[in-house]
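A.B. asks: can't give you the sequence, but here's the structure:
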């Protein structure tokens, strides 16, 4: 099941992916404005940072920078095993060990 908003571009795209074999034929497309809000809410912080940085000059730079944003956001959300969301010292140690820098 794929939840999307009412954008008319989705149905033809999904049909094309089914014809190509990228998506299974049993995949259903569900139009709902609110069902994908969790996903939408999870990347608002990237939009805020990208807009503040006036965008990117190349696709590769954008990809590398957004991967860094995502990694740091995962650390802050407590999605790293053994490092809790409120464990700031643990987060600092994790990043220091990851990049081999002194904090």
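C.D. replies: Sure thing, it's come through. Not measured: the values here are computed from a predicted model.
A.B. asks: From residue 13, how far out is residue 21?
C.D. replies: Residue 21 is 15 Å from residue 13, where distance means Cβ to Cβ, to the nearest Å. Yep, even glycine has a C-beta here, placed from its N, CA and C like the rest.
A.B. asks: Repeat that for residue 84.
C.D. replies: Taking Cβ to Cβ as the measure, residue 84 falls 40 Å from residue 13.
A.B. asks: Compare these two (neighbour count), which wins?
C.D. replies: residue 13 (13 against 10; other Cβ atoms under 10 Å).
A.B. asks: Can you name the element that comes right after the helix or strand bottoming out on mean pLDDT in the chain?
C.D. replies: Within the chain, confidence by mean pLDDT, DSSP states H and E is lowest for helix 37-42 among all helices and strands, at a mean of 64. Once the chain leaves helix 37-42, the next helix or strand it forms, by DSSP states H and E, is helix 44-52.
A.B. asks: Just the angle for the one helix or strand residue 70 maps to relative to helix 44-52, thanks.
C.D. replies: For residue 70, the element it lies in under DSSP H and E is helix 59-76. Here helix 59-76 points in a direction 140 degrees away from that of helix 44-52 (axes from the mean of the first three to the mean of the last three Cα atoms, to 10 degrees).
A.B. asks: just checking, what packs against helix 59-76?
C.D. replies: helix 44-52, helix 88-99 (3 or more Cβ pairs under 8 Å, 6 or more residues apart in numbering; DSSP states H and E).
A.B. asks: Report the buried residues of the shortest one.
C.D. replies: For helix 44-52, burial by neighbour count (16 or more other Cβ atoms under 10 Å) applies to residue 50.
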